[in-house]
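1. mind folding the following:
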Amino acid sequence: MNAARLVIVLAALNLGSGCALFNSVTRGEGVGAIAAAAANAGSEGVQIFEEAGRRAKAKCDPIRTSEVAWPEERAMGGVVSVKQVSSFGSLVLEGMTATDPAALAKEVTDKKKVSLPDGPKNDLSAYVAVVGRNLARYSSRPDIAWTFAVIENETPNAFSAPGGYVVVTTGLLNKMTNEAQLAGVLAHEIGHIVLKHSIKQYRDVKATQCDGATAGGYVVGKGIQAAISLLPAGAAEAAKYAKFFDDYNLDTAEGGFVAFIMDAVLKGIETFGNVKEDEFQADATSLELVAFAGYDAAEYEKFLTALGNSGGGFSNHPSTSDRVAKLKALREGDLAPFAVGTAKPDTAKIFAPIMKK
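-> Below you'll find the predicted structure:
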């Protein structure tokens with residue numbers, strides 16, 4: 001087995017664990033040592049790794065281009081959104097007294113409606129949801145179960161997850177002056193969902209985890225210690241999940257397998273975010289949605305400009321100036337006949353419950 005091929009197999013088996021072996025390989029070092037170790041495993045050990053690689057490729061490569069069905073998208077997006085909300089704040093809601101997770105889960109399963117009392121915070125969350133759902137009606141996915149929420153966090157931010165989950169922070173709302181700006185932000189996140197940007201990352205991660213579990217499972221199953229000793233840390237543990245990729249169902253799988261997949265997905269999202277082209281595409285979709293919904297399309301540009309030119313928390317995000325330039329070109333170009341809406345009402349009174357005192 002040549003050194004380059006072995007590096008690829010071992011990298012797949014690493015599962016993103018960050019072990020010393022993988023770190024060395026990705027820096028272009030240690031290839032000779034790995035090849036020597038493979039040779040020490042004997043011809044049978046080399047054959048085992050080659051076959052492990054072939055099996056992983058045949059089983060897992062199709063995952064990178066396969067369609068993700070709605071139940072799987074919703075289940076994955078639910079995990080991502082729960083993680084995001086729990087990491088960044090708490091929901092802007094009042095009057096929820098039920099705290100038993102099992103009872104709440106049963107109510108959801110039984111499709112019982114959870115009623116919340118009238119109040120400024122609940123009215124605010126309902127307002128954001130109404131604006132968001134109205135925008136989603138104009139999207140290419142109007143009928144999915146859209147969920148819009150506000151969380152308590154002073155950092156200006158908004159994020160989305162597959163399955164129709166969109167969240168904005170109170171810090172971002174505090175910087176808005178009218179409904180058209182809110183619409184621009186929500187429509188941008190809707191754009192990421194309808195264009196399935198995170199689904200691309202999810203499929204890549206799922207395929208990589210499948211590579212590791214399948215190849216690792218084959219090596220471990222052969223029981224040759226010289227070959228097993230070459231596996232990166234965690235590969236033997238991952239091997240037990242190989243069977244779950246035969247009949248993949250994230251919604252009903254055991255907790256260990258869900259964590260095996262979703263921990264890697266969350267790490268990828270938190271580390272890399274969306275690429276520049278994804279952000280530009282979501283902006284273009286946003287502009288179309290706000291224009292079709294009757295908002296002043298220029299307000300989104302004004303809002304981005306007011307936020308500054310940092311380009312977001314990821315180095316692969318475009319700068320605000322680049323985003324605004326592309327938005328302006330679209331608004332004054334192909335979208336010009338439709339970009340005739342209004343800013344709609346001032347939001348100061350609506351957002352009063354979360355304004356800084």
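
2. Ser90 reaches Val150, doesn't it?
-> No. With contact defined as Cβ atoms under 8 Å, Ser90 does not reach Val150; the gap is 10.1 Å. (Glycine included, C-beta is placed from N, CA and C.)

3. who's more crowded, these two?
-> Higher neighbour count among Ser90 and Val150: Val150, with 25 against 10, using other Cβ atoms under 10 Å.

4. you'd agree that one is up against Ser125?
-> Yes. In this structure, Val150 is within contact of Ser125 by Cβ under 8 Å, at 5.2 Å.

5. between the two, which contacts overlap?
-> Leu91, Val92 (Cβ atoms under 8 Å, 6 or more residues apart in numbering).

6. now Ala158: phi and psi?
-> Phi and psi for Ala158, reported as degrees, to the nearest 10, are phi -150, psi 150.

7. beta-bridge partners for it, please?
-> Counting by DSSP bridges, Ala158 forms beta bridges with Val168.

8. for it, what are its contacts?
-> Val166, Val167, Val168, Thr169, Leu172, Val185, Leu186, His188, Glu189.

9. out of those, which is nearest to Tyr295?
-> Closest to Tyr295 out of the contacts of Ala158 is Leu186 (10.7 Å), distances taken as Cβ to Cβ.

10. that closest one - nearest residue in space that isn't next to it in sequence?
-> Once flanking residues are discounted, Leu186 sits nearest to Gly132: 4.6 Å by Cβ to Cβ, 6 or more residues apart in numbering.

11. buried set for the strand or helix carrying that neighbour?
-> If you go by DSSP states H and E, Gly132 is part of helix 120-136. Across helix 120-136, burial judged by 16 or more other Cβ atoms under 10 Å covers Lys121, Asn122, Leu124, Ser125, Tyr127, Val128, Ala129, Val131, Gly132, Arg133, Leu135, Ala136.

12. and stretch 320-332, by the same measure?
-> Thr320, Asp322, Arg323, Val324, Lys326, Leu327, Leu330, Arg331.

13. which strands and helices lie in contact with the next helix or strand after the helix holding Gly132?
-> Note on helix 120-136: by DSSP H and E, the next helix or strand toward the C-terminus is strand 147-151. Applying 3 or more Cβ pairs under 8 Å, 6 or more residues apart in numbering; DSSP states H and E, one finds that strand 147-151 contacts helix 70-88, helix 120-136, strand 165-169, helix 170-173.

14. at 7 Å instead, please
-> If you count contacts as 3 or more Cβ pairs under 7 Å, 6 or more residues apart in numbering; DSSP states H and E, strand 147-151 packs onto helix 120-136, strand 165-169.

15. got the angle for it vs helix 70-88?
-> Using axes from the mean of the first three to the mean of the last three Cα atoms, to 10 degrees, the inter-axis angle of strand 147-151 relative to helix 70-88 is 10 degrees.

16. and the angle for strand 147-151 with strand 165-169?
-> Using the same axes, to 10 degrees, the direction of strand 147-151 lies 20 degrees away from that of strand 165-169.
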